[in-house]
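J.: Here's a sequence, model it:
(2 chains)
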Amino acid sequence: MPTDTALVAATADLLSRHAPFDRMQADHLAWLAERLALGYYAKGEAVLAPEQGEARTFYIIKQGIVRGEREGEAAWLELHEGECFPIGALLSRRAAISHFRAETDVFCYELPAADFHGLLELSPPFHAFCTLRLADLLARSQRQTQARYLSAATEQQSLESSLGSLIRRDPVTCGPDTPLHQALKTMREQGIGSIVVTEADARPLGIFTVRDLIGRVILANTPLDTPMRALMSPNPVALPPGAHAFEAALAMAKHGFRHVLVVDDGRLAGMISEKDLFSLQRIGVTQLSSAIRAATELGQLQQAAEDIRQLGHNMMAQGVGAEQLTLLLSTLNDLLTQRVIELECAANAACRRGFCWLAFGSEGRLEQTLATDQDNGIVFVAQANEDPDSVRAEVLDLAERINRALDACGFPLCRGGIMAMNPKWCLSLDEWKGLFARWIDAGDPEALLNASIFFDFRPLHGEARLADELRQWLAAKAAATPRFLHQMAANALRNRPPLGLVRDFVTESGGEHADTLDLKLNGATPFVDAARVFALAVGGPGTGTAQRLRQAGPKLNIPPPEIEAWIAAFYFIQSLRLRRQHEESESGQAMDNRIYPDRLNGLDRRILKEAFRQARKIQARLALDYQA
Amino acid sequence: MTGWLRPWRRDLTLAPEAAARLAAWQALGKADLALPIEQGRYVVVDVESTGLNMRRDRLIAIGAVAVHDGRIRLADSFEIVLRQAEVSGKGNILIHGIGGERQREGVEPAEALLRFLDYLGASPLVAFHVAFDETMIRRACKECLGFEFRRPWLDLAYVMPGLLPELARKHRSLDDWLRHFGITNTARHNALADALATGQLFLAALPLARAQGATQYSALQGLEKAQLWLNRGS
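T.: Below you'll find the model as predicted:
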């Protein structure tokens, strides 16, 4: 069949307008284009579904919109011209997780799976695009069973350590002709659950584990003199000693094996089991938290604080999801703060007074990122006959010592002075109520700003009943003052998500932040603010954004899929913030929340757009409830 | 020069090699038009010419794409510019974008048509406004190769109104239908780009035809005929 290259060249040219094709070598692009077919899907038609089994085709959208939906989840992935799917499924040779449907009339370029794998080997930029995206996908989709190791990673891990460093003992092996009874005897003597079958030159041939006993030996009535080559699982998964423990965990998750061989230059060097990886993970968090609990001096806590940050960065590097990561960081920081207070209290008489240490802002919401400063205050008990000012004088000294100790641990003093050592934020219960009441009644811009920080208070140490009472009082007061909720809502709506009218982002257009987006202010804040208003409206006790949305949703008759879509969008933005901070910290820059949307890969950009679209939806709901 | 400029002559004789290629093509079997349309190969064609007069104007270029098993296979496409003794007018060049030089450097017409036949094989053809494409190709074949080009054609200009009668009144041209399906054409009046766009329109027609029970090329031809009668009646 004669081949004309004009259409192939034109298609390559068309593709090169989109990532990752824009970075691919021209001959690789032509290689791809001449293997493509162009297919059509009418509006509403299914392009790809999990029921179709292992993914056989790589799709690149030529024109139209494809919507990816997960079973039981709200729609949240829209794919446009130049975008591709289902990369994860093709990489791991499984069925797609999402249903892909043509949202408009769609034309897709289609590449057979075998050629997709060929292109992966051929083109490094294409390979990078596909695999980095997978890491991203894994981090996002904690609910997938495949990511079970990642979710287990909410407990610390040295999953970055090399496999070579994890080998505990020489592997126990036998030859392919070793009879079964002898292999079993060795396993029993050594007290091990698995044995590797190797050639004389230590090349691994297969693996046999006690789990294989039932099926292959007992039920199959296998004679005990059968050679091991007939009973082993051949072609075991093997990784080089330099591979990360994380890769071993992924390989196990992917293939459903419990063992991975470590093979150096073709020769067996050791074996890593699932148990090795799990124990590795548990030690970290337990060790860190018990080190904090057992600390007796500031120096130890400083070290622990450094370890927490290191842990955060490690987990970040391994693609742990934002929800787990922020929760874990906040939990460990809580523990650390509590221990700092306990140590200071041991040396200070003021502690005999009843008081409660409050966390505000992101710490109050359990949403701390890698870059975080102090936001705290104190509520103390003052008897009816006591002058609050004199109590305050006693407590302030203690508060300052705590603030300074936290500063020494790497939580910088708050530039806005929102700290317990500031007399303004070290108040008796009645004073807090009076202050909150004034804000609620005034509703001026400053009051609204304060409300957005202080109303996220959470007790950290001391007499939690004080905070609980304040929370209950605030819920009643806010619910009884609908005008205030309207003002809060209006204030929140002033901060619009930066989504341009068509497909592009609205970015800062000049100055030092040209072409950047503030992920905190423009991305996360709309969700945080809306959740706060909803929580105040229904009087919920939660302070976390996701927690607040889940608590308020049913009472406000918001369908659960909508709530979950908002939460997913919020955490995606949080994960981008964390990733950005991680990168900045790795390269020694100051951490902030600014990103260049142009530098995101196409998929992240697309999801970010979708996240901003969700931010608009939550704001639309807020506007519906609180504006005429 | 070739017989291209002269009126068609009965005494046209082909070089032996060209005659052999033509004979080989003519010996190809006929395509099975009753095959399910998701199977087999169909060739979607678009031609460019010196003008719209089917009797006087000359064929300048042929573009074609092949639909295999319901999908356009990019590597199986065809484009050729026929050598012109006389470059077409400026206004015409502005339409198809094939400049004077490219027209003069084109492939010798008999050779160009033989290559097209090679590419076509036994596949049935599809076009939008078949009358024009078919006439231009048939006339060129008669003049340069001395034979009558007769192959099955399917005309989307009649099939589409038959599939979407509610749109028929407002959708007449290829551009109207492309717009309806959001099919973008980066280079309108480039024979290959137009063939690709027409090919996409053909793909879009298939699910609609299936919904009406027309699952074969022959059934689509039936639809085309019915629409032709309908148009005559109105």
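J.: which of the residues in the biggest helix by length in chain B are buried?
T.: As assigned by DSSP state H, the longest helix anywhere in chain B is helix B:191-211. By 16 or more other C-beta atoms under 10 Å in any protein chain shown, the buried positions in helix B:191-211 come out as B:191-206, B:209. To be clear about C-beta, it is placed using only N, CA and C from the backbone, and glycine gets the same treatment.
J.: just these that are near chain A?
T.: Among the buried residues of helix B:191-211, the residues that sit close to chain A (C-beta under 8 Å from any C-beta of the partner chain) are B:192-193, B:196, B:199-200, B:203-204, B:206.
J.: Return the closest of those residues with respect to chain A.
T.: For those, the minimum distance to chain A (C-beta to the nearest C-beta) is 3.6 Å, reached by B:Leu203.
J.: Spatially nearest residue to that closest one (excluding sequence neighbours)?
T.: Nearest residue to B:Leu203, sequence neighbours excluded (C-beta to C-beta, 6 or more residues apart in numbering or on different chains): A:Tyr40, at 3.6 Å.
J.: Pretty sure B:Asp32 sits in a strand.
T.: No - remark: B:Asp32 does not belong to a strand; assigned using DSSP: H, G, I helix; E, B strand; the rest coil, it is coil.
J.: Run a quick neighbour tally on it.
T.: 13 (other C-beta atoms under 10 Å in any protein chain shown).
J.: Tell me the pLDDT of it.
T.: pLDDT recorded at B:Asp32 is 90.
J.: contacting residues for it?
T.: Listed by C-beta atoms under 8 Å, 6 or more residues apart in numbering or on different chains, the contact partners of B:Asp32 are B:Gly40.
J.: residue ranges with poor pLDDT in chain B?
T.: For chain B, the stretches flagged by pLDDT under 70 are B:1-11, B:54, B:87-91, B:94-97, B:100, B:187-189, B:232-234.
J.: Would you point out which residue is most central in it?
T.: B:Val45 (2.8 Å; C-alpha atoms, centre = their mean).
J.: isn't that one right up against B:Asp133?
T.: Yes - contact status for B:Val45 versus B:Asp133: in contact at 5.5 Å, counting by C-beta atoms under 8 Å.
J.: gap between the residue nearest to B:Leu156 when sequence neighbours are not counted and B:Leu164?
T.: Closest residue to B:Leu156 apart from its sequence neighbours, by C-beta to C-beta, 6+ apart: B:Phe128 at 4.6 Å. Distance, B:Phe128 to B:Leu164, by C-beta to C-beta, to the nearest Å: 14 Å.
J.: Looking at these two, which one has more neighbours?
T.: B:Phe128 (26 against 14).
J.: Where does residue 44 sit, in terms of helix or strand?
T.: Just so you know, I chose chain A. Using DSSP states H and E, A:Gly44 sits within no helix or strand.
J.: should've been chain B
T.: Taking DSSP H and E as the criterion, the element that holds B:Val44 is strand B:41-49.
J.: Show me what that strand is packed against.
T.: strand B:59-68, strand B:125-127, helix B:130-145, helix B:191-211 (3 or more C-beta pairs under 8 Å, 6 or more residues apart in numbering or on different chains; DSSP states H and E).
J.: relative orientation of it and helix B:130-145 in degrees?
T.: For strand B:41-49 against helix B:130-145, the angle by axes from the mean of the first three to the mean of the last three C-alpha atoms, to 10 degrees is 80 degrees.
J.: Alpha carbons of strand B:41-49, as PDB, please.
T.: Written as PDB, here are the backbone C-alpha positions of strand B:41-49 (Å, rounded to 0.1, in the frame of the first residue of the first chain):
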ATOM      1  CA  ARG B  41     -11.500   0.000   3.300                       C
ATOM      2  CA  TYR B  42     -13.200   3.000   1.800                       C
ATOM      3  CA  VAL B  43     -11.400   5.900   0.200                       C
ATOM      4  CA  VAL B  44     -12.600   9.500   0.800                       C
ATOM      5  CA  VAL B  45     -11.600  11.800  -2.100                       C
ATOM      6  CA  ASP B  46     -11.400  15.500  -2.700                       C
ATOM      7  CA  VAL B  47     -10.100  17.100  -5.900                       C
ATOM      8  CA  GLU B  48      -9.000  20.600  -6.700                       C
ATOM      9  CA  SER B  49      -9.400  22.100 -10.200                       C
END
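J.: from the middle of its chain, how far away would it be?
T.: 3 Å (C-alpha atoms, centre = their mean, to the nearest Å).
J.: Tell me the buried residues in it?
T.: Quick answer for strand B:41-49 (16+ other C-beta under 10 Å): B:41-49.
J.: out of those residues, which one sits closest to chain A?
T.: Nearest member of the buried residues of strand B:41-49 to chain A, counting by C-beta to the nearest C-beta, is B:Arg41, at 9.2 Å.
J.: With the flanking residues excluded, which residue is spatially nearest to the closest one?
T.: Closest to B:Arg41 by C-beta to C-beta, 6+ apart is B:Ser123, at 4.6 Å.
J.: in the stretch 51-200 of chain A, what residue is nearest chain B?
T.: In the stretch 51-200 of chain A, the residue found nearest to chain B is A:Asp105; the distance is 4.9 Å by C-beta to the nearest C-beta.
J.: That residue: what's it in contact with?
T.: With C-beta under 8 Å, 6+ apart, A:Asp105 has these contacts: A:40-43, A:64, B:181-182, B:204.
J.: what does A:Ala6 give?
T.: By C-beta under 8 Å, 6+ apart, the contact set of A:Ala6 is B:77, B:79, B:192.
J.: ok, how many other residues are close to B:Ala24?
T.: B:Ala24 has 12 neighbouring residues, counting by other C-beta under 10 Å.
J.: Nearest spatial neighbour of A:Glu306, chain-adjacent residues omitted?
T.: The nearest residue in space to A:Glu306 (C-beta to C-beta, 6+ apart) is A:Gly410, at 6.9 Å.
J.: Give me the secondary structure label for that neighbour.
T.: Assignment for A:Gly410 (three-state DSSP): coil.
J.: One more: A:Ile207?
T.: Under three-state DSSP, A:Ile207 comes out as strand.
J.: Around chain A, pick out the residues from chain B.
T.: So chain B meets chain A at B:65, B:68, B:70-79, B:115, B:118-119, B:121, B:181-184, B:186, B:192-193, B:196, B:199-200, B:203-204, B:206-208 (C-beta under 8 Å from any C-beta).
J.: Do you have the helices of the stretch 201-350 of chain A handy? List them.
T.: All helices of the stretch 201-350 of chain A, identified by DSSP state H, counting those that start in this stretch, fall at A:211-212, A:245-255, A:274-294, A:298-317, A:322-346.
J.: Is A:Asp518 in contact with A:Arg594, as I believe?
T.: Yes - here A:Asp518 reaches A:Arg594: they are 5.7 Å apart, a contact under C-beta under 8 Å.
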